[in-house]
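In: Kindly return the folded structure for what I paste below:
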Amino acid sequence: MNELLTLLLSVVLTGPLWTKLPEHDAAFDALPPECAAEYDPFLRQERNASDTRICRCDLDGDGEPEMLVWTGDGGSGGESWSVMTRRGGRFRRAGQVFGILHFIDRPPHRGLLVETPVGWKYASWEYWELKNGRLVSRLELDVRYRKPEGNILRTRPAEIKIRY
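Out: Take a look at the predicted model:
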């Protein structure tokens, strides 16, 4: 656990930009139906939406990338994502997360680090791994930041609380 904690602290304290998952747009009719259905039906109708954003990454190291599908929900602290795994030719939801997605691939650790910023002085970070087809929270970090210098927010931690 100390190795995982050290890795996550290095991302939180120095480099979240290099771990952010790349997203791209995908038309609903080009997605597997199970994945397209993850977009909130009310928002889909209200927005007359024809696509959503997705990310792909292999969260469990089995060589088959999982699909992360934006549900249409979001706010100032991030967005809601469904993590979809393929089993037997079909996708199913392994779990949902809310925030800004970062992919951690530093063997033996492979998973999602989800950042949820709140204003300029607080952010939570939660690390998730895919185990037996389910998304499992392994570690949480709550970070309170010092007042920013200039316009750079959330760079000077004042306090970090760790929950296993």
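In: Can you point out the buried residues in the longest strand that the chain contains?
Out: Counting by DSSP state E, the longest strand found in the chain is strand 90-106. Using 16 or more other CB atoms under 10 Å as the test for burial, strand 90-106 gives 91, 93-95, 97-104. Where you see a C-beta, it was placed from the backbone N, CA and C, and this is true even at glycine.
In: How about stretch 106-120?
Out: Quick answer for stretch 106-120 (16+ other CB under 10 Å): 110-117.
In: List the contacts of the residue nearest the centre of the chain.
Out: By CA atoms, centre = their mean, the chain has its centre lying nearest to residue 101, at 3.0 Å. When contacts are counted by CB atoms under 8 Å, 6 or more residues apart in numbering, residue 101 touches 20-21, 55, 68, 81, 112-114.
In: rerun at 7 Å
Out: By CB atoms under 7 Å, 6 or more residues apart in numbering, the contact set of residue 101 is 21, 55, 68, 81, 112, 114.
In: Show only the entries of the buried residues of stretch 106-120 found in helices.
Out: Counting by DSSP state H, no part of the buried residues of stretch 106-120 is found in helices.
In: Could you export those residues as JSON lines, including distance to residue 135 and pLDDT?
Out: Formatted as JSON lines, these follow (distance: CB to CB, whole Å; pLDDT from 0 to 100):
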{"residue": "110", "distance to residue 135": "13", "pLDDT": "93"}
{"residue": "111", "distance to residue 135": "9", "pLDDT": "94"}
{"residue": "112", "distance to residue 135": "8", "pLDDT": "95"}
{"residue": "113", "distance to residue 135": "13", "pLDDT": "93"}
{"residue": "114", "distance to residue 135": "10", "pLDDT": "95"}
{"residue": "115", "distance to residue 135": "16", "pLDDT": "92"}
{"residue": "116", "distance to residue 135": "16", "pLDDT": "94"}
{"residue": "117", "distance to residue 135": "21", "pLDDT": "90"}
